[in-house]
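Trainee: my questions concern the predicted model and sequence given below.
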Amino acid sequence: MKVGAVIVAAGRGIRAGGDIPKQWRPLKDGTVAQQAIRAFTQHPNIHDVVLVLHPDDIKTDLWPREPGLVIANGGPSRSASVLAGLQMLTGKADAALIHDAARPCVTGRVIDDVIGALETAEAAAPAVAVVDALWTGENGRVSGTADRTGLYRAQTPQGFHLEPILRAHQQFPEGAADDVEVARRAGFDVVIVPGDEDNLKITLPDDFARAEAILRARDGH
Ligand SMILES: Nc1ccn([C@@H]2O[C@H](COP(=O)(O)OP(=O)(O)OP(=O)(O)O)[C@@H](O)[C@H]2O)c(=O)n1
Ligand SMILES: C[C@](O)(CO)[C@H](O)COP(=O)(O)O
């Protein structure tokens, strides 16, 4: 099974603040996106990597010119960006791992587990079980509680066989929170593989320091 990767990096990182989109901010010995990209370009079982960029970023020097990267134009939603990336894998891969450029701490173990699950599963994605109590809140006060049984926090990379997920995204183009949601709309069976608490999505300003500490601890410096 030939596996490709789609790294979606066409967002604007509004919640993270800063002068440039979060995926282009410095992180350890590169940028946020570069750390995510390297996890896939340096993985022995990933053959093609597509980087999906916002049109405003393509002509800039913000994005890393990593060797072998194929570039796709992102769209107005994450789903649209994913579809653009998947289309660039047509004819090149049997399966696709779809990953947020905003998740720079992804490990080879998570990538291996998603690829391994695809040997027998229609789709596979990493997640961590919810272990905290869950509330609803209004105006700074608890308005209710919710049962956490069976709830997971989804991560990426989310893995699929290429043609089915491409068709699913074409069939269900309206925004979805993730690719598993699109796959479920198309009736796929999705296997959960163990996620990683360190595989955070950089979303808010404080997340950069946490990701930096994770990467430095992993390398011992
Ligand atoms: N139209 C979009 C929106 C998001 N993404 C990518 O999808 C990933 C997850 O999205 P999110 O964390 O929400 O990133 P942003 O949309 O940039 O963040 P914000 O909502 O704070 O603007 C990111 O790597 C982002 O670059 C994308 O490729 N195309
Ligand atoms: C795809 C994702 O990272 C899975 O948890 C998440 O849904 C992205 O959400 P965002 O609002 O686009 O950051």
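Mentor: That came through, no problem. Ligands and ions are numbered 1, 2, ... in the order given.

Trainee: that's a helix at residue 182, yeah?
Mentor: Yes - counting by DSSP: H, G, I helix; E, B strand; the rest coil, one finds residue 182 located in a helix.

Trainee: how close does it sit to residue 158?
Mentor: Separation of residue 182 from residue 158 (Cβ to Cβ, to the nearest Å) stands at 9 Å. For glycine as for every other residue, the C-beta is placed from the backbone atoms N, C-alpha and C.

Trainee: surely residue 173 forms part of a strand?
Mentor: No - going by three-state DSSP, the assignment for residue 173 is coil, not a strand.

Trainee: nearest residue to it other than its sequence neighbours?
Mentor: Among residues not flanking residue 173 along the chain, residue 79 sits closest, at 6.6 Å (Cβ to Cβ, 6 or more residues apart in numbering).

Trainee: could you do residue 162 as well?
Mentor: Nearest residue to residue 162 in three dimensions, chain neighbours excluded: residue 96, at 5.0 Å (Cβ to Cβ, 6+ apart).

Trainee: which pLDDT value goes with the one you found?
Mentor: On pLDDT, residue 96 comes in at 98.

Trainee: which strands and helices sit next to whichever strand or helix holds it?
Mentor: For residue 96, the host element (DSSP states H and E) is strand 95-100. Applying 3 or more Cβ pairs under 8 Å, 6 or more residues apart in numbering; DSSP states H and E, we find strand 95-100 packed against strand 3-9, helix 32-41, helix 78-89, helix 108-118, strand 158-161, helix 162-171.
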